[in-house]
Structure formats: structure tokens, C-alpha cells
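Next come a sequence and a model predicted from it.
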Amino acid sequence: MTDKPKVGVYICHCGINISSTVDVEAVEEFALKLPSVKVARTYSYMCSDPGQALIKEDIKEQGLNRIVVASCSPRMHEPTFRKAIQEAGLNPYFLEMANIREQCSWVHEETEEATAKAKKLITASVAKVRLLEALEAKEVDAEPAALVIGAGIAGIQAALDIADAGFKTYLVEKTPSVGGRMAQLDKTFPTLDCSACILTPKMVDCASHPNIELLSYSEVEEIGGYIGNFDVKVRKKARYVDFDKCTGCGECAAECRVANRIPNEFDQGMGKRSAIYLPFPQAVPAKYTIDPENCLYLSKGKCGKSPKCQDVCGAEAINFEQEDEIVEFKVGAIIVATGFDPFDASRKPEYGYDDYPNVITGMEMERLVSASGPTGGKVMISNGEEEIEPKEIAFIKCVGSRDESVGNEYCSRVCCMYTAKQAHLIRDKLPDANIRIYYMDVRAFGKGYEEFYDRVRRENVRYIRGNPSEIFKRGNKLVVKAENTLTSTPVEDEVDMVVLGVGLEPRAEMRKVMDLLRLSQSPDKFFLEAHPKLRPVDTATDGVFLAGCCQGPKDIPDTVAQAKGAASSALIPLARGKVTIDAQVAEVNEATCRGCGFCVEICPYTAIEMTTVNRFGHEVEVARVNEALCKGCGSCSAACLSDSIQPKSFRDRQILPQIAALGVLK
Amino acid sequence: MSANNEPNIVAFLCNWCSYAGADLAGTSRVHYPSNVQVIRVMCTGRVNPLYVMNALQQGADGVLVSGCHPGDCHYMEGNYYARRRLGMLKDLMEFVGVDPRRFHMSWVSASEGHKWKEVVEKTVEDAREAGSFEGFRRRQIDW
Amino acid sequence: MDLEKLRETAAEVVAREDVKYLIGWKNGSYGYRVAPAFIEDAEGAAELIFSPLCISNLSTYLTLVEKLPLPRGQEPDTRKIALMVKGCDSRAVTQLLVEKGIERDGVVVIGCPCPGMIDYDLLAEKYPETEGLSEVKWTDDGFLVIRDGEETNVTRDELLAEKCRLCRYPNPLISDIMLGEPVETWEPAEDKGVEEVDKKDVNGRWAYWEEQFSNCIRCYSCRNVCPLCYCQDCILDRLNPTWVNRAVNFSENTAFNIARAFHLAGRCIECGECERVCPANIPLGRLNRKMAREVRDKYGFEPGLDPEAEPFQASYKPDDPEDFIL
Ligand SMILES: Cc1cc2nc3c(=O)[nH]c(=O)nc-3n(C[C@H](O)[C@H](O)[C@H](O)COP(=O)(O)OP(=O)(O)OC[C@H]3O[C@@H](n4cnc5c(N)ncnc54)[C@H](O)[C@@H]3O)c2cc1C
Ligand code: SF4
Ligand code: SF4
Ligand code: SF4
């Protein structure tokens, strides 16, 4: 490094792409006269093997220690030439490229001007290359384990794939059971497989997989570190039931003093459960949980003479003394699969969801048609006066989607199809019912979807184009008010039941996960991927990936596909066992840092922390960069008033001479 | 300004959007004036506003900083920081009497080869109108 | 302000075990001179004054204290420093807190509500300095100048310092101890200085500053007096890289002054010290105030008001102005 710079300048003809506009010989002659330049050559294709060999030979024979390649864009061939000079024994970062093709020969017509510009660009490159420093891309070990947050179908699938590849996987689920929303569905479009039948085996697999540690009824509390080395802290909430002793027999729930009085979340509140409960019969793990808010003993301190559940539990599993437990572990990669919330229909008050019992959401419909649902699969509904079997049924699509008034401009992608599915399921159960679907558009884009939609239409389901403006009550009927936009006729449609095709929204509590992992939201408020097209499962935080509906609405096939994608991305650092840390990161000069923390505020990757150092007996705060988190953007350095933080290869002392070099030559 | 009375422009381009956009102009063979010299940085957030002053002092008649559109920054926020800092610098320089036509900032995405050409043309045109900035030149420029 | 009360309070403060010394103002040796006082005991406290001559901003001493290397084993003295502040000075303290230049529990801030300070140059011009010590006091509607026992009443308008005419925060915004009652704030005057430059065309402004900056002797007093220029190693002193050459000429002077003003944008709290100390009488305050005005009008930000604020230069808002972008 302390060697005097000996620069070689290599000017590429690029066939005639460069040389037809730039006088490469003149440039070569010019380059030879620049300070520190020992060698200048032109060649037809610098990137070809013989071209690279030319550079390598000169490095060895002429003792060159800095290389300027004047050719195409560095975005094209920088890696190529870095590798070449490394093979010749030079540090790969002792390279600077002058872009005389894309930004010179291809955009300027006159030889004179193009040649003059090429000379300038090369001068600037020589100015910078002399001052470049040797850098080394570091490798750190990666912890061979993964964390998956959320055990819906996305999380389950991702965890299974990683575990099958042979890596320890921690699967953290907030609720007492894995399964997520899919467990609540009855049948799934377009193939009409029973959701439970295809999901339950996977749920069981993930609980019994030797490589999966399932942490149900748990939440992630803290995440520190970086790709390859995340430190995770999880809170296992107290179930008040001894996990190992509980046999899942359910005696307790049957005897509970508040049995069948608490709205069951799994049935969207339509069914009832006890204070000690299993969310649904196929729940995994099949262990009971006491809900402390509704348990008489835990909320009031008293449950009759003695808690009923305790009395009846033969396994003596009830333990009111149980406390939350903190589990800590390390992982190399993280997958976020926290799913979605159905749109809250109360936010469209014109549809009367809060007012009429026979206005229900699509999610509730899933439970209503389910054989394991609150009505045992019978479609019965209260019209406010009595339970009836509805005859006139209306669906309304796009509730809470494509609707600026509620702040959701996006399409939820599943409502078209699940409405069609539900119409079909009702048709099965109530052959004489009159079913109509109010819609804006029908988007049946998936495999087999258009076919399924056609089939449903043939089953005497009427599609009416129009977005209802209001639902009100007339006698014991509901009136759907709309305009049929195809015929331009107003409609007042009397029905017994309305199903709102509610859309998908980000989880209400996603903020916490966002902060833990430094994730961002896209304008639709779902988690933001690193690139909408080319990096759809990555996030801006290295080593953190997205799967399923937390990234945006999607159906089950897409969810599973993304989960598998996220799993394979997460497996890269685990399988390699190492992660490479970019060398072009920021560095702090601790001697001049004034400890203001501007850089800390700025860094979008929270790569900078203040630390206390001892300066001749005085404790002072200075900034320190975590190289594993830094991406080398340099935003910190432009704000540092004392120039104490600088990105390597783009330091002020490397850029200012570049500026000067451009100015000298006029 | 050079002998042929052409303004000398230094442009700082972020690697991911504007530099790629300028490359695209090349691949699309879009022609534009040759008096813009590009210095590549990873992000507009890297551009210390004093670079602009420094370039003007060391021979530039005009300076351009270009990056990703708001919301598109490869590093999420760098261009927002750049916008604030360079906006302030522009105000300061105007107050000091530096012709505002000497400094521009633009958002050019990787797909906006044509916009790049327009931005260059505008920058060159403006600098040409503002004239040579000899008045502010450093006496001796070393590199 | 009641001087007895000030001295009593100061004596109490310096008597505290956790206080190292107190920085305040005392009379200088002749004429209108006022000197900074570093007080360690009751005797020193008896010398303290607070008068229309106490224009200097003492908060700069907080970061000027040199942290000399300590012999091994010796603990650093981490006792608090007590400091007298006017309204403007208090904003410097707050800004220093924002920038972590000082710690909140490292200082005892003694607030002095300020009715407005005197412009030394105007004063000396009208009432030349004498060898003996002179005094200036506040009266209901101006100042009382006492030279060699001779008393003259002067209106406020006649002698008020420019920064005080423009002042919007005469009462300290941060303090541990407040001396006396808050003063009534006044309608800030129009910033004629900034406007004078603003209304010139761009070439006129360049010509104006060319004349000013050509006078700069690069003594760096402006930087050294500034409470917010507290980098131990200022980039403008560095040679690698060289932002500004050491040569004293118009080009380098201009670069220096642009860099200084830029570094203070969104940070300057308008205490006016740079301009006051400049031996070349360069109206540096105009540069700083222009930036402060832009930052306030366009970005809705004022430095030195809230110790919890995000530093302006290290933050952004998605809707920051961008009308200047092509
Ligand atoms: C009414 C309706 C019907 C549908 N019908 C079909 C259909 O027929 N066919 C089809 O393909 N798709 C259908 N879908 C879509 C389908 O439900 C989704 O594609 C699928 O459920 C998405 O799975 P997921 O794992 O991404 O999210 P979820 O199922 O929401 O799972 C997320 C999991 O993460 C947990 N979690 C959340 N936050 C945390 C946290 N902070 N810590 C730990 N755990 C957390 C949750 O408790 C949950 O278990 C339907 C959707 C709706 C609304
Ligand atoms: S911005 Fe600069 S001076 Fe401030 S803490 Fe960061 S490195 Fe240190
Ligand atoms: S270079 Fe960018 S990523 Fe690295 S520390 Fe600075 S702001 Fe953070
Ligand atoms: S105090 Fe005045 S003369 Fe001295 S460096 Fe500052 S501007 Fe120049």
C-alpha cells in the first residue's frame, strides 16, 4: 500500500464500438503522460482472455500496482477485471474503470469531442486509482439455524423446507396453534380440496420434525445481530397448563365454569369456547391453553370453591403459577411469515355489518359452511328475528379493496375466487337458493381460476356488475341498493343474507416485527420487498426474507411458492456456513469523531452505534460501524461535519482528486 | 470553459439509478453533449454538498447531482437526505451570488435514458448561459 | 436583574460539590469591556455582573475545555460546569445537547432573561471608550450609559444590537435555575441585512460577497468563537483531503465561508458571535440568518429549541421541498 503507485491504463477498442468514435491511440499517448502512469495500452477486447492476460502480464512484469480499464460501464465488467487483477496477485480493489463506451463513444458523434472526453474520464480515474486502498471482503461464520416468524401455511412450509434440508429451525407462532388463516378455511379454490385435509398433515409434520423447534403461543421479543448471526429472544407465554402433562383430552374445557360462553376466535366469534381451550379440534400442538382474561380464577382470583379444570384434570396439568418463559438462541437467517388480517367490515358502515346479523364477512362464511364450524356446516342465519335458511343470498366483492376511501388502493387477489368458491359451496348445500354476486371486475388470473369461475356461473350464480352503495333493512329482509352498471339501471334487491367479500390487510400488530427487524412498508402497508421484481422475497435487511401474505395479498399456491423461495434464499447462508461481508463499507476515524451521532440517525441500516472509548483517560463517545450491516451507501459521510466517517473506496480523499482532475483539463 | 467556449460540467451520479440510466442512454445510442463528466458514487446520499462548491472552485462551470426518484433509492433513504442537503446548498449558493443555473439536481431512473439526455442538455445549456466561472477558480489545482 | 441575587445564587452553585466552576460575565479592565469569568468560590461570585454589555455567548467554553491526557490511574473530573445564558445562548446549549457535544447532567444552566444587548461598535462610536471602567444599565425604555461618573440616557433603538432587534427568544429556553422574571418579548424587526443582499440580482450578490470575502484574513475567529463549531479537528484545517487551501485569496476565502455557513445551516442559533468577532467586519450573520430563514420557512425547522429534536442535517421529511429538482 505504501508502494508508490504504478498505474497501468488499458484502453479497449470494444471491436469498433469505442474505437470508431474515440481515437484510442491518441488517448493511449495522452495517458502515458499522466502522473504515475507507467503503462498504457489499447486492445480490441480488453475483457477477452487475451485482453485480461495483457493486464496480468504487465502487473507481473512491470510491477504495476494500480489498474485503470477504460472500456464499458463498471456496472458491466467491474467484477471481471477485479477478478483478473486478483489473479495476477493484486488486491481486487486496486481497480478503477473509465466508462468510455456507454457514457462516451455511444453517446457522442464527433471523434474530437469523444476523444477529449475519454481523456478526461481517464484522468479522473487515474487520479482516484492512485489513492485507492487495499480491501478485503471478510467472511464470518453463519449460525446453521433459521427462525421463522408466524406459522400459517407460509411459515409452516418454509420451516419444513429448511428443516428437511437439515437445519435447525425455530418456528414461532403467536397463537396457541399453528395453521394460520388457512386452518379456518373450508374448501379451497379452485380445486375444492378440503383445507384441513391438506393442511393438517403439514401442521403435524412441523410439530414432530426433529429439526423444528415449535414455539407456539410465543412472540419474538428482541432480535440483534446481522445475517449469519442473529441473536433472538422469544417470550413463551404462560399457558397455565403443563405442556408435557396435558394429554389434550379436553375434560377441563367441558367442565370449565364459563364453558361455551366465550366467543371463539377461530370461528370468527360465531361459535363459543371455554376459558381453557383448544382453538380448534385439529390444533397443533394439541395442548390446552387458559385464556387469562376470561378465566375466573386468573382474572378474579376465584373460580367457585376451586377451579373446575384443576378438579377434573386427571393429568394434573393445570398450573396457575406458571410464568412466561424467555428462550434465547442464535440463527443465521430469518423468515417473516406473519400473514394478514381480513379487512374490518365495520369500516364500511354503509354495509351495516355492525347493525345486521345477516350481513357477514367472507371469513365468517368460511366457518359457516365448514362441517367443523359453529353450525356444523348448515347454512343458517338470524335475520334479527329468527334463525332461517337463507333463500336470497348476495355477495359483495372488493369490500375494503380497490377502495381509496378506506386507504386501500390495491386488489386483494383472493376475494374474486373465494366468493366464487363460497357461492359454489352454498349452491351445493342450498340448491334452490338465489345467489348473486355484486362485482366491479372479475379477476380470475390463476391456474384453473377462469375455468372455475365459468363453472360457478353455470351453476346459476348471477354476476351483477355494480358496487352497492348501501344496505338497509326492510321488514325482515335486507335491501341491497346498487346500480347495475352494465344496464345502467338502479337495483333494490331484497335478500336474506349478505356476504361481504372482505379484502386482506396487513396484520394490525406488524409494527413490532417491523421495528425488530428494521423492515419497511410499501405504500399498501404490507412489508416491502428488496426489489418488486427481482428480489421479491428479500428485504432490505440482509438475511431476512418474506413469505406469504405479510408481503402482499396472495392465494395459497402463491403463498407456498413464496415460502419455498424464502426457504431456499435463507438456506444460502446456512448451507455455505459463511456470509461474505462487503469490503466497501464505512469506517470511522475515532480520533476525530466528535460523537454527535448524526451518522447514527442517518444510517438506513442501523449499522452505526455509539460506543464509549477511552481517549487519554477521558471517556468519549464515538461512532462505530458494524461492517456486517453497512452497505456502503455513504449517506452517513456526507452529513459528518468532521469527515470522520467515510465509505472505503469512496472517501473524500479519493473523490476530491477526481473532481480536481476533471477541472485541470479543459 | 474550454477553448471552444464550452462549459465544463461535473456530474455526480448514483450507481443504481442515474448511472444506470446514463448507461442505458448509451446502449440506446441517445446522443447528447459531451461536456458532462460523470463521477460515480454509490448513492446521492454520499454527495457531500461541499463537493459542488469544490467542483466549481476546481474548474467546473456547472454541477449536476442525479439519483433515484424519491422512494426508489437502493438504500431506501439516501436520496431524501441528498435532497434536503443539496436544497439547502442551492439556497446558500444563490445567496452568495452563485448563478443558480450552475447547479442542478435531478431524479433519473435506470430506465430513463431519454430523461438523462434532457437533463444533460438542460444542465449544459444553463451553464453555458451562466458563462465561465473563472471568478471563483482555485489558483492552483493539484491532484 | 438583581445583582445581589445573581451573586448569591452563583455562590451557592459553586459551593456545590458536584460543580467544578461557573462561567459568567465580569467587568473587564477598562472602558466597556466585559470579560468571561470562571468562578470557583464565593469571592469570585461577587464579581459577576449581568448588563447590556454581556453580549458574548459563553456556551462556547463548554466545548472549548481541553481534555488533556490524564496520567494513568487518574480519574477525569466529571463535575458539572455551571453556565450563565441569555435566550440566544440557551439555544446553543440545547443544540449542543442535540448534537451530544455536552451532556444534560454535565451542566447547570443559569438562565438570565435578556432585555437586549448593546452593539459595542455603535456605543463606542457615540460615546467613546474611556480609560476608566464604564457601565451600561437597562432602563425602562433604553439604556443608561455611565462614563467617568457621567450618566447619559439613551433610547433602546439607538444602541440595541442587530441580533437583539431580530431576537425571538430573549428568555432562556432551557435552564436549571432562572434568575428573575421572564422579560416581555418584542416584535422582531425586519432583517434588513439579509434583505439588502436578497434584493440584489445574482451578480450583485456575488459582487457584494466578493468584496466582503476578499477582506477575510482567515483568522478563523468566527469558527473558534462559534459554540457549535466544536469539532476537535475541523475539516477546513485539513490537508488530506484539502477542502480549502491555506492560501488567503478570494477563491479560498469564499470556499471557506461557504463551507462554514453550510455546516451551520439548520444548526446556527443566531447568537451573532461570528460577526461580532470578525476583525474584517464581514457580515457573517447575514449568511447564517439567511440559511436559518430558509430552514425555518421551507422545512419548518428551528434549531436549539428542543433537545430531543432530530438534527436537521441528519434527517429528512418525505415531503421536503423539491421544486429545485429538474
Ligand atoms: C375468506 C378467505 C378465503 C380464502 N380462501 C382461499 C382459497 O380457497 N384458496 C386459496 O388459495 N387461498 C384462499 N385464501 C387466502 C389464504 O387464506 C392465504 O393465502 C393464506 O392463508 C396465507 O397464509 P400466510 O401463512 O401467509 O398467513 P396467515 O394464514 O395469516 O398466517 C400467519 C400466521 O402468523 C402468525 N403471526 C402473526 N403475527 C405473528 C407474530 N408477530 N409472531 C408470531 N406469529 C405471528 C399468525 O397467528 C398466523 O398463524 C382465502 C382468504 C380469505 C380471507
Ligand atoms: S457523524 Fe461523524 S462526528 Fe458525528 S458521530 Fe458520526 S462519525 Fe462521529
Ligand atoms: S455507508 Fe450507509 S450503510 Fe454504511 S454506515 Fe454509512 S449510512 Fe450506514
Ligand atoms: S472571523 Fe472574519 S476574517 Fe476571521 S476567518 Fe472568519 S470571516 Fe474571516
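Everything's here; your move. Numbers count the residues shown, from 1 in each chain, chains lettered A, B, ... in the order given. Ligands and ions are numbered 1, 2, ... in the order given.

A:G314: how many residues sit nearby?
As a burial measure, A:G314 scores 10 neighbours (other CB atoms under 10 Å in any protein chain shown). C-beta here means a position set from N, CA and C on the backbone, and glycine is covered the same way.

Let me see the contact set for it.
A:249, A:251 (CB atoms under 8 Å, 6 or more residues apart in numbering or on different chains).

residue closest to the middle of chain A?
Nearest residue to the geometric centre of chain A (CA atoms, centre = their mean): A:L546, 2.9 Å.

and the chain, what are its domains?
Here I'm looking at chain A. A:7-137, A:145-237+A:324-339+A:507-578, A:251-312, A:340-505, A:586-647 (automatic domain parsing).

wait, chain C
Taken from automatic domain parsing, chain C resolves into C:3-178, C:192-314.

What separation do you get for the closest residue to chain C within chain A and A:R402?
In chain A, no residue comes nearer to chain C than A:G617, which is 2.8 Å away by CB to the nearest CB. Applying CB to CB, to the nearest Å, the value for A:G617 to A:R402 is 66 Å.

more neighbours, these two?
Neighbour count, other CB under 10 Å: between A:G617 and A:R402, A:R402 has more, with 18 against 15.

Look up the closest residue to that one, ignoring the ones flanking it.
Spatial nearest neighbour of A:R402, chain neighbours left out: A:C411 (5.6 Å); criterion: CB to CB, 6 or more residues apart in numbering or on different chains.

What does that neighbour show for phi and psi?
phi -90, psi 140 (degrees, to the nearest 10).

Which strand residues bridge the residue in the stretch 251-400 of chain A that ligand 3 sits nearest to?
When distances are taken as CB to the nearest ligand atom, the stretch 251-400 of chain A reaches nearest to ligand 3 at A:I334, 19.3 Å away. Using DSSP bridges, the bridge partners assigned to A:I334 are A:L147, A:V544.

show me what contacts the most centrally placed residue in chain C?
Central residue of chain C (CA atoms, centre = their mean): C:C271, 3.4 Å from the mean position. Counting by CB under 8 Å, 6+ apart, C:C271 makes contact with C:57, C:88-89, C:91-92, C:163, C:227.

The same query, at a cut-off of 7 Å, please.
C:57, C:88-89, C:92, C:163 (CB atoms under 7 Å, 6 or more residues apart in numbering or on different chains).

what two of those residues are the furthest from one another?
Pairwise distances across the contacts of C:C271 peak at 12.6 Å for C:A92 and C:K163 (criterion: CB to CB).

which one's the longest strand in chain C?
The residue-count maximum for a strand in chain C (DSSP state E) belongs to strand C:19-27.

before we move on, the earlier item: now the residue of chain A closest to chain C: closest residue in space that isn't a chain neighbour?
Using CB to CB, 6+ apart and skipping the chain neighbours, the partner closest in space to A:G617 is C:L70 (2.8 Å).

just checking, what packs against the longest helix along chain A?
Counting residues, the longest helix in chain A under DSSP state H turns out to be helix A:556-576. Applying 3 or more CB pairs under 7 Å, 6 or more residues apart in numbering or on different chains; DSSP states H and E, we find helix A:556-576 packed against helix A:153-164, strand A:333-336, strand A:544-546.

Compare these and give me the one nearest ligand 1.
helix A:153-164 (3.3 Å).

Distance of the closest residue to chain C within chain B relative to C:E210?
Across chain B, the shortest distance to chain C (CB to the nearest CB) belongs to B:G97, at 2.8 Å. The gap separating B:G97 from C:E210 is 8 Å, by CB to CB.

just checking, C:N257 is part of a helix?
Yes: with DSSP: H, G, I helix; E, B strand; the rest coil as the criterion, C:N257 is part of a helix.

More neighbours: which of C:A92 and C:K163?
More neighbours surround C:A92 than the other of C:A92 and C:K163, with 31 against 20 (other CB under 10 Å).

Off-centre distance for the one helix or strand that one maps to?
Secondary structure assignment for C:A92, by DSSP states H and E: helix C:87-98. Distance of helix C:87-98 from the chain centroid (CA atoms, centre = their mean, to the nearest Å) equals 10 Å.

Give me the helices and strands touching it, please.
Packing contacts for helix C:87-98, counted by 3+ CB pairs under 7 Å, 6+ apart, involve strand C:107-111.

what about the strand it packs on, average pLDDT?
Confidence over strand C:107-111 (mean pLDDT, whole number) is 97.

circling back to that earlier point, anything in the longest strand of chain C near chain A?
No: between strand C:19-27 and chain A, judged by CB under 7 Å from any CB of the partner chain, nothing touches; the nearest distance is 14.1 Å.

lowest-pLDDT helix or strand in chain B?
Least confident helix or strand, chain B: helix B:18-27 with a mean of 93, by mean pLDDT, DSSP states H and E.

List the buried residues in that helix.
Within helix B:18-27, the residues scored as buried using 16 or more other CB atoms under 10 Å in any protein chain shown are B:18-26.

likewise stretch A:398-407?
For stretch A:398-407, the neighbour count (16+ other CB under 10 Å) marks A:398-403, A:406 as buried.

now swap in stretch C:174-187 and tell me
Residues of stretch C:174-187 classed as buried: C:174-175, C:177, C:179, C:183 (neighbour count, 16+ other CB under 10 Å).

Pass me the low-pLDDT residue ranges in the chain, would you?
In the absence of a named chain, this looks at chain A. A:1-2, A:665-666 (pLDDT under 70).

if you could check chain C rather than the one you did, that'd help
Looking at chain C by pLDDT under 70, you get an empty list.

Contact residues of it facing ligand 4?
Within chain C, the positions adjacent to ligand 4 are C:216-222, C:277-280, C:282, C:284 by CB under 6 Å from any ligand atom.

A:A567 is in contact with A:L160, isn't it?
No: assessed by CB atoms under 7 Å, A:A567 is found out of contact with A:L160, at 8.2 Å.

Of these two, give the one with the bigger neighbour count.
Comparing A:A567 with A:L160 by neighbour count (other CB under 10 Å), the higher total belongs to A:A567, at 28 against 22.

The closest residue to the more buried one other than its chain neighbours: neighbour count?
Excluding its sequence neighbours, the residue lying closest to A:A567 (CB to CB, 6+ apart) is A:D161, at 3.7 Å. By other CB under 10 Å, 23 other residues sit near A:D161.
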